[in-house]
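Asker: Predicted structure and sequence below. I'll ask about it afterward.
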2 protein chains.
Amino acid sequence: MKLLHTADWHIGRTLNGYSLLDEQEAAFKQILAIALAEKVDGIVIAGDIYDRAVPSTDAVTSLDHMLQAINIEHHLPIYAIAGNHDGAKRLNYGREWLAYTNFHLNTLLAEAFTPIETPEAQIFMLPFFDPIDARVYYQQQGLPEKQVKAIHTINDAMQLVLADLTAQFDPTKRHLLITHFTVTPKADDDLELTSETTSKVGGLATLTTDLFSDFDYVMLGHIHTRLASPDPDRIRYSGSPVKFNVKEANPKFHGKGVEIITITPDDITHEFKPIQPKTDLVSLKAPWDTLLDPEFYQQQPLKQAWFAITVQDFDRSKHLNVRAQLEQIYGTIVELDYETHHQAAMMNHAQALDTLSPDAIVGQFFNDITGQPLSKTQQQLVDQIFVNLRKED
Amino acid sequence: MKLLHTADWHIGRTLNGYSLLDEQEAAFKQILAIALAEKVDGIVIAGDIYDRAVPSTDAVTSLDHMLQAINIEHHLPIYAIAGNHDGAKRLNYGREWLAYTNFHLNTLLAEAFTPIETPEAQIFMLPFFDPIDARVYYQQQGLPEKQVKAIHTINDAMQLVLADLTAQFDPTKRHLLITHFTVTPKADDDLELTSETTSKVGGLATLTTDLFSDFDYVMLGHIHTRLASPDPDRIRYSGSPVKFNVKEANPKFHGKGVEIITITPDDITHEFKPIQPKTDLVSLKAPWDTLLDPEFYQQQPLKQAWFAITVQDFDRSKHLNVRAQLEQIYGTIVELDYETHHQAAMMNHAQALDTLSPDAIVGQFFNDITGQPLSKTQQQLVDQIFVNLRKED
């Protein structure tokens, strides 16, 4: 049995106002082509299908066409769950009809407790939920009030949920889990992550790999890079198929794609399959003269990529129409930042601020921002303000 | 063959801020019960399924459960189209899957040209569209530019569309149409209607019954009362199943329900089946003392209905907590209006305004609102203002 594992499509997302829909549709075509070439038995979408609870009409139409191509046109089963970005109840619409063509969709916690059975595996589909969802669910299940009230963190909730899932294990089959949370190696939650995870969204971010030890393989969504996979062999993020953030232009995050999971009675293996961006995201940081030097810019994928540019050592007073000049050379600039040498200097002396007097801090700040010291008149004004303030105390 | 004809569910609608979802769910249960008792072969929903293009999550969930009950639980076919209140593209989501269980859904004009074939009938499902939709569609169909540009009104568009529908007629079958427009008897578009139709929504409101003469029966949505049916035997509105407007508390609009359409080779008949409101809507107009008189109010369905109350001959200065006093007797008051004897008087002399001087109009207005004439000082102030205004001219 072979599954294609993808997640975090975030259909409808924008990058600083630029629609990513074309990019997402191009990535989707590659996902479908990989699925067909690999002859997989189904496509797993591990949550955050949409970027927001109430997606735009274009996003709804686009997703509908993607899902049709997979499930109606090519008859491939879909195993999809809701992530924290999806509107769980809204995404649930039509679920009963989808199931007729093996489009399995779980968006609500209560739906997670019936695995999809294949001859060789039980596929458990656990959508994103928060501790309150778990309280409501277990209250409805008749769990004693005291135990319900003891559910405070996502960890508390997950222990109950996983016990109810594993109770249904068929020992003759492999046990797969699809879910959408931050999972970290035990006793290590300091990973640098690219999702918008906050401690609030996931409850305490303390789901660790040991919780999932009963499963043979866990397909995760939520973190947008597979490099964050908390167990390289058994508990993995596929990452998003598309770069969503200028930070991902960094080579560290290069290599978007999907994973092919091959399940045999003896083994479960995963293999990464890359997806080529239609429009790449390139981050540049250089001084103004370098950015305008043909020797520099002719090495860039001009007008083919999206650029995030930080201009170093920049003196605003010397240049006009900075964005327009850069766009003429580079094409689309999705992010434009300036780093003055004063800013760089400020970073360096920031820790010395504690030792400076208030008027000296103002002088330093003025100098950092404008590149000029305060004039005598300005210095006198600042001094006077602080004198007056002290009088008021 | 028997069909249940309903329309204008407007799921998610509110009445002056009061949710109608309970009312709509109660009506739905009766619709389903009627369908089962009558052993119909399908349920027609002739548009305005939702109240708005982006319905609330509760509305989405509620509709999903209704449609499931009909189509998944009871295996009844659904023939549904989008109305002007529905978001056509958004409602289209999942359409391909719905069709597997004979849930036929058309939300876009392009989908209208393939009828659903039953052994005895062709069911044409034409969703709401506007002249621009028709231009886009016919441009895509390769209609000459000149003809495309000649589509200005809904009448222009409808003639083209209906010609394309009737071109597909199978002469051995009955021809049924489901659509969502204002249709009036020929040369009569002055009917008093309860929909929010404006000439903009439907283009020129000039679709007349003669346009539809090729169809054996037309099931309409858009107007919320079946009394507006433009041809009592052949072209009918089912009306909405629920009262949406205080105006509908008027006995004229009593009698919400659905229609059962029976199609035989010889005849097509329709029969009205009433739906009982869960919470009725009662409109009262009476003087304050009457409203508080037990002999009057004990004849009302106190605390069981929603009330729209107009207090006649009302002097605001004499009463406090009017709403609270009335609510204590009547229960929910969804609309509370006041009609002072001054207002009534104002209506009467409104047409005399042309003959009054500006200062006299102000004096009259003050008297109408407060029940008191202007004091001498006030009169002098008004006079002075008009004198000053004339000086500025």
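Answerer: Done, it's in. Numbers count the residues shown, from 1 in each chain, chains lettered A, B, ... in the order given.
Asker: Report pLDDT for A:Gln380.
Answerer: What the model reports as pLDDT for A:Gln380 is 87.
Asker: Tell me the spacing between A:Ile132 and A:Gln159.
Answerer: To A:Gln159, A:Ile132 is 16 Å away according to C-beta to C-beta, to the nearest Å. Where C-beta positions appear, they are placed from N, C-alpha and C, glycine not excepted.
Asker: A:Asn367 and A:Gln378 touch, don't they?
Answerer: No. Here A:Asn367 lies out of contact with A:Gln378, judged by C-beta atoms under 8 Å, at a distance of 11.0 Å.
Asker: hmm, who's touching stretch A:94-104?
Answerer: By C-beta atoms under 8 Å, 6 or more residues apart in numbering or on different chains, the surrounding residues in contact with stretch A:94-104 are A:42, A:67, A:71-72, A:75, A:77-80, A:105, A:107, A:116, A:123, A:125, B:64, B:68, B:71-72, B:93-94, B:97-98, B:100-101, B:103.
Asker: neighbours around A:Thr172, how many?
Answerer: 9 (other C-beta atoms under 10 Å in any protein chain shown).
Asker: helix/strand/coil for it?
Answerer: Three-state call for A:Thr172 (DSSP: H, G, I helix; E, B strand; the rest coil): coil.
Asker: List phi and psi for it.
Answerer: phi -90, psi 0 (degrees, to the nearest 10).
Asker: Check the one 5 residues further on too.
Answerer: Torsion angles at A:Leu177 (phi, psi; degrees, to the nearest 10) stand at phi -130, psi 130.
Asker: From chain B, how far out is it?
Answerer: Distance of A:Leu177 to chain B, computed by C-beta to the nearest C-beta, to the nearest Å: 26 Å.
Asker: Near that residue, how many residues? Count them for me, please.
Answerer: 24.
Asker: Specify the beta-bridge partners of it.
Answerer: Beta-bridge pairing for A:Leu177 (DSSP bridges): A:Phe124, A:Val218.
Asker: Which residues are in contact with A:Ser19?
Answerer: Counting by C-beta under 8 Å, 6+ apart, A:Ser19 has no contacts.
Asker: What distance do you get for A:Asn92 to chain B?
Answerer: Going from A:Asn92 to chain B by C-beta to the nearest C-beta gives 7 Å.
Asker: A:Asp210 against A:Lys186, yeah?
Answerer: Yes. Taking C-beta under 8 Å as the definition, A:Asp210 is a contact partner of A:Lys186 at 4.9 Å.
Asker: Compare those two and say which is more crowded by neighbours.
Answerer: Ranked by neighbour count (other C-beta under 10 Å), A:Asp210 and A:Lys186 place A:Lys186 first, with 13 against 10.
Asker: Correct me if wrong, but A:Ile45 is in a strand.
Answerer: Yes. A:Ile45 forms part of a strand when assessed by three-state DSSP.
Asker: Please work out how many residues are found near it.
Answerer: Around A:Ile45 there are 28 residues (other C-beta under 10 Å).
Asker: Now do the contacts for the spatially closest residue to it that is not a sequence neighbour.
Answerer: The shortest distance from A:Ile45 to any non-neighbouring residue, by C-beta to C-beta, 6 or more residues apart in numbering or on different chains, is to A:Ala80 (4.1 Å). By C-beta under 8 Å, 6+ apart, the contact set of A:Ala80 is A:44-45, A:47, A:49, A:103-106, A:125.
Asker: if we go to 10 Å?
Answerer: A:Ala80 sits next to A:6-7, A:9, A:43-47, A:49, A:67, A:70-71, A:86, A:91, A:98, A:103-107, A:125, A:127, A:178, A:221 when contact means C-beta atoms under 10 Å, 6 or more residues apart in numbering or on different chains.
Asker: per-residue confidence for the residue in the stretch 101-250 of chain A that chain B sits nearest to?
Answerer: Closest approach between the stretch 101-250 of chain A and chain B, counting by C-beta to the nearest C-beta: A:Thr101, at 6.3 Å. On pLDDT, A:Thr101 comes in at 96.
Asker: any idea how far it is from A:Lys89?
Answerer: Separation of A:Thr101 from A:Lys89 (C-beta to C-beta): 22 Å.
Asker: quick one on the thing from earlier: which one of A:Ile132 and A:Gln159 is surrounded by more residues?
Answerer: Shown here are A:Ile132 and A:Gln159; by other C-beta under 10 Å, A:Gln159 has more neighbours (15 against 11).
Asker: That one: which element?
Answerer: helix A:154-166 (DSSP states H and E).
Asker: Next, show the common contact partners of A:Asp210 and A:Lys186.
Answerer: Between them, A:Asp210 and A:Lys186 share these contacting residues under C-beta under 10 Å, 6+ apart: A:Asp231.
Asker: Report the contact partners of the residue nearest to A:Asn16 when sequence neighbours are not counted.
Answerer: Nearest residue to A:Asn16, sequence neighbours excluded (C-beta to C-beta, 6+ apart): A:Val334, at 4.9 Å. With C-beta under 10 Å, 6+ apart as the criterion, the residues that contact A:Val334 are A:14-18, A:246, A:249, A:279, A:281-283, A:305-309.
Asker: switch to 6 Å and redo it
Answerer: The contact partners of A:Val334, taken as C-beta atoms under 6 Å, 6 or more residues apart in numbering or on different chains, are A:15-16, A:18, A:306, A:308.
Asker: any idea of the pLDDT on it?
Answerer: Per-residue confidence at A:Val334 stands at 92 (pLDDT).
Asker: neighbours around A:Phe307, how many?
Answerer: So A:Phe307, with other C-beta under 10 Å, has 26 neighbours.
Asker: do A:Pro358 as well
Answerer: Neighbours around A:Pro358, by other C-beta under 10 Å: 13.
Asker: For A:Phe386, see how far away it is.
Answerer: Between A:Pro358 and A:Phe386 the computed distance is 6 Å (C-beta to C-beta).
Asker: Pull the helix or strand hosting A:Val382 out as PDB, backbone CA atoms only.
Answerer: Assigned by DSSP H and E, A:Val382 falls within helix A:376-392. Taking Å, rounded to 0.1, in the frame of the first residue of the first chain, the C-alpha atoms of helix A:376-392 are listed here in PDB:
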ATOM      1  CA  LYS A 376      22.600  72.100  19.800                       C
ATOM      2  CA  THR A 377      19.000  73.500  19.800                       C
ATOM      3  CA  GLN A 378      17.500  70.000  19.600                       C
ATOM      4  CA  GLN A 379      19.800  68.900  22.400                       C
ATOM      5  CA  GLN A 380      18.700  71.800  24.600                       C
ATOM      6  CA  LEU A 381      15.000  71.000  23.900                       C
ATOM      7  CA  VAL A 382      15.500  67.400  24.900                       C
ATOM      8  CA  ASP A 383      17.400  68.400  28.000                       C
ATOM      9  CA  GLN A 384      14.600  70.800  28.900                       C
ATOM     10  CA  ILE A 385      11.900  68.100  28.400                       C
ATOM     11  CA  PHE A 386      13.600  65.800  30.800                       C
ATOM     12  CA  VAL A 387      14.200  68.500  33.300                       C
ATOM     13  CA  ASN A 388      10.400  69.400  33.200                       C
ATOM     14  CA  LEU A 389       9.500  65.700  33.500                       C
ATOM     15  CA  ARG A 390      11.600  65.400  36.600                       C
ATOM     16  CA  LYS A 391      10.000  68.500  38.100                       C
ATOM     17  CA  GLU A 392       6.600  66.800  37.600                       C
END
